[in-house]
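Enquirer: need a 3D model of the sequence below.
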Amino acid sequence: MSDAAQRLDIGGTLSAAMVAITDNIGRYGAMALVMAALGGAVDTYAPRAGNMIGNVALFFLSVLAVFHTLQARLPGVAIRPRFGAAFGFSLLTNLAVIFGLLLLIVPGLMMLARWAVGLPALLREDLSVSEAMGRSSQLTQGNRWRILGLGLLIWTPFLIVMILVGGLISVMIGDQSLDSLPFNMLVNLMAAGATILSGICWTLAYLTLSGDADESALADIFA
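Expert: Predicted structure coming up:
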């Protein structure tokens, strides 16, 4: 595989990801709706278990988004979801990022960017957890600030909308409405959408950085 350095075009990556979602709106829409129903019900009726179950559900969504994107872009390649290895990768990297954020914010953010394309690398190249971390670190060199910018563009709108909607509902109906099933379903639906978009974006970036993307895809994603 060719690892020639490329400059990440944030807008191109987002545009390509939105096209991928539009082309598979039935699949991704169904995934998001299942997350909304499951997460909303758990958050409403079993709030103590809500965070744990919600995080596990978002993990599966992330892996499935990466898996389906790899399958769509590499139809002749045998790829497995490998949920066990993916869980090990997510657990280890998330713990490291949290630790980095607690010590100093910038090192934690840099670790987040360093391992952004590790999950698609793990599935595509059948790597171990440590190998996927190393592979992602290699591929993201020179693009980590751009990767952080892309991550902010994915997740900041979700956070802003949730704050605005939550504040508006609280003022108009009351704080008790924030524990209602409709509001919890909305939060989970938005989180699912951001998770799916994030997984697709990192997969598209990985494919180009690793040399797996064709020239037309490369033109869409990198400048």
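
Enquirer: which parts of this protein are helices?
Expert: Ranges of helices within the chain are 10-23, 25-45, 47-73, 83-103, 105-114, 118-125, 129-139, 144-172, 181-209, 215-221, based on DSSP state H.

Enquirer: between helix 118-125 and the third one, find me the angle.
Expert: For helix 47-73 and helix 118-125, the angle between their directions (axes from the mean of the first three to the mean of the last three Cα atoms, to 10 degrees) works out to 50 degrees.

Enquirer: then the first one?
Expert: For helix 10-23 against helix 118-125, the angle by the same axes, to 10 degrees is 60 degrees.

Enquirer: one more: the fifth one?
Expert: Relative orientation of helix 105-114 and helix 118-125, computed by the same axes, to 10 degrees: 20 degrees.

Enquirer: would you mark the buried spots in helix 105-114?
Expert: Within helix 105-114, the residues scored as buried using 16 or more other Cβ atoms under 10 Å are 108, 109, 110, 111, 112, 113, 114. From N, CA and C alone the C-beta is placed, and that goes for glycine too.

Enquirer: and what of the fourth one?
Expert: The neighbour-count check on helix 83-103 (16+ other Cβ under 10 Å) flags 85, 86, 88, 89, 90, 92, 93, 96, 97, 100 as buried.

Enquirer: just for this structure, where's the confidence low?
Expert: Residue ranges of the chain with pLDDT under 70: 1-5, 174-177, 213-223.

Enquirer: tell me the most buried of the helices of the chain?
Expert: helix 118-125 (a mean of 25; mean count of other Cβ atoms under 10 Å).
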